[in-house]
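Asks: coordinates only, sequence not included:
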């Protein structure tokens, strides 16, 4: 039995869960999300609790995954998700133009990124290099944050690039001079 899969998912007040065949719709105060349940996984909604079961051990790899996706959907429609990115480097900056994000990352041209539907991107007013990504779908928020980070990953010598807030980059030592004479004898 999957340890994560057998945990019941609590449905808070104000959230409705509707199961129609293999489609689950979870609606909260902020948004509505839906998920297709694969064959072999069954849901039971009873007294504000969602219980996920599987038909046989063939589907045990999906058991915990579906339970976690449902828990994330409930958290998404109630609170939402947020990821913060830190743009570090001399001359590196982020500017919000409507729904588009313009990044200056040391290239010869600015990089323009369009914000996907369902996400809200904001730049901190005080610290101009902090990008905040908010949304209801945890997977969408994470994918967009990873896409932005991949544009200029933090390099290991000076740490310039886009990193997650709180991410620690192990810095490497730069080149050192062998001796004062500057060459081999």
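Replies: Happy to help now that I have it. These numbers come from a predicted model, not from an experiment.

Asks: quick one: the longest helix anywhere in the chain to chain centroid distance?
Replies: Criterion DSSP state H: the longest helix present in the chain is helix 60-78. Relative to its chain's centre, helix 60-78 lies at 15 Å (CA atoms, centre = their mean, to the nearest Å).

Asks: average model confidence for the helix or strand just after it?
Replies: Remark: after helix 60-78, the chain's next helix or strand is strand 81-88, criterion DSSP states H and E. In this model, strand 81-88 has an average pLDDT of 94.

Asks: Identify each buried residue in strand 81-88, please.
Replies: Within strand 81-88, the residues that qualify as buried are 81, 83, 84, 85, 86, 87, counting by 16 or more other CB atoms under 10 Å. No exception for glycine: its C-beta is placed from N, CA and C like everyone else's.

Asks: Report the angle between the helix or strand just after it and strand 81-88.
Replies: Next helix or strand after strand 81-88 toward the C-terminus (DSSP H and E): strand 93-97. Orientation check (axes from the mean of the first three to the mean of the last three CA atoms, to 10 degrees): strand 93-97 against strand 81-88 gives 130 degrees.

Asks: Please name the strands paired to strand 93-97 in the sheet, noting orientation.
Replies: Using DSSP bridges, the strands paired with strand 93-97 are strand 100-104 (antiparallel).

Asks: So in that sheet, which strands flank the following helix or strand past the strand it pairs with, and in what orientation?
Replies: Downstream of strand 100-104, the first helix or strand assigned by DSSP H and E is strand 111-114. Under the criterion DSSP bridges, strand 111-114 sits next to strand 100-104 (antiparallel) in its sheet.

Asks: Same question for the strand it pairs with: list its buried residues.
Replies: Of all the residues in strand 100-104, those buried under the rule 16+ other CB under 10 Å are 101, 103.

Asks: mind giving me the domain split of this structure?
Replies: 9-78, 81-164 (automatic domain parsing).
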